[in-house]
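J.: Only the shape, not the letters, is given here:
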């Protein structure tokens, strides 16, 4: 059975972001896709210190939080949904530290896992936050799922988000599109194999020219 991992980057376990993710989970379950939701917004998560430990050991040097545990679940999943509230036109800082380490320290191939970003805002800053989250997918060879509007909900509380009928509709359409992509990629992998990935070139201009 296909599986989608969802990360809630809000410090509120049952707030606006969770309301949006729950709307997606209903669709995934109807589509026969297993889900797991991980609450990371209240984690005590430090940022990457560029120590290089992960390149030698295949995991992050810091083992006291959920990054390494989540990496194993991410590897087993077919898709990843990252949800975050908007703070100063950016995702939650705790979530960003978590994602930096999750993506950089995990050595498994993320190519063709489907990604989707979801943002929750009262009013503004949504598209900037949406852009920041999508970059984790696009640098990793992960196809990005889209919907019928930008993947966002509006409201100051969970009850407000429940009144955002277009936002919830966007979440449902996003989940349907993501489920379709996961199934289509699985079929194509069986029939054609995955696309070749080149890794030989690495531009750094070390010669100064």
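T.: That came in fine, so what should we check first? What you see is a predicted model, and the numbers here were worked out from it, not measured in a lab. Numbers count the residues shown, from 1 in each chain.
J.: count of residues packed around residue 176?
T.: When neighbours are counted by other C-beta atoms under 10 Å, residue 176 registers 17. Bear in mind the C-beta positions are built from the backbone N, C-alpha and C, glycine included.
J.: Report the buried residues of the host helix or strand of residue 191.
T.: Following DSSP states H and E, the helix or strand that holds residue 191 is helix 165-192. Within helix 165-192, the residues scored as buried using 16 or more other C-beta atoms under 10 Å are 167-168, 170-179, 181-183, 185.
J.: Look up how far residue 160 lies from residue 43.
T.: With the distance defined as C-beta to C-beta, to the nearest Å, residue 43 ends up 25 Å from residue 160.
J.: Give me the below-cutoff pLDDT ranges for this protein.
T.: 208-209 (pLDDT under 70).
J.: Quickly list what the spatially most central residue of the chain is bridged to.
T.: The centroid of the chain falls nearest to residue 82 when counting by C-alpha atoms, centre = their mean (3.1 Å). Using DSSP bridges, the beta-bridge partners of residue 82 come out as residue 7, residue 117.
J.: Next up, the contacts around it.
T.: 7, 9, 95, 99, 115, 116, 117, 118, 133, 136 (C-beta atoms under 8 Å, 6 or more residues apart in numbering).
J.: Output those residues in a markdown table; the columns should cover neighbour count and distance to residue 48.
T.: Output for the contacts of residue 82, formatted as a markdown table (neighbours: other C-beta atoms under 10 Å; distance: C-beta to C-beta, whole Å):
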| residue | neighbour count | distance to residue 48 |
| --- | --- | --- |
| 7 | 28 | 17 |
| 9 | 29 | 17 |
| 95 | 29 | 14 |
| 99 | 25 | 10 |
| 115 | 22 | 20 |
| 116 | 28 | 23 |
| 117 | 25 | 20 |
| 118 | 30 | 23 |
| 133 | 26 | 17 |
| 136 | 21 | 13 |
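J.: burial count for residue 73?
T.: Counted with other C-beta under 10 Å, residues neighbouring residue 73 total 15.
J.: I meant residue 47, not that one.
T.: Counted with other C-beta under 10 Å, the neighbours of residue 47 add up to 13.
J.: quick one: it and residue 99 touch, right?
T.: No - using C-beta atoms under 8 Å as the test, residue 47 is too far from residue 99 to be in contact (10.3 Å).
J.: Could you measure from residue 177 over to residue 24?
T.: With C-beta to C-beta as the criterion, residue 177 and residue 24 are 11 Å apart.
J.: ranges for the helices of the protein?
T.: Using DSSP state H, the helices found in the chain span residues 16-30, 53-57, 67-76, 93-105, 126-138, 158-163, 165-192.
J.: what's the fifth one packed up against?
T.: For helix 126-138, the contact count by 3 or more C-beta pairs under 8 Å, 6 or more residues apart in numbering; DSSP states H and E identifies strand 79-87, strand 90-91, helix 93-105, strand 114-121, strand 152-154 as packing neighbours.
J.: do the second one as well
T.: Taking 3+ C-beta pairs under 8 Å, 6+ apart as contact, the helices and strands that helix 53-57 lies on are helix 93-105.
J.: give the contact list for residue 8.
T.: So residue 8 contacts 17, 18, 21, 37, 38, 39, 40, 41, 83 (C-beta under 8 Å, 6+ apart).
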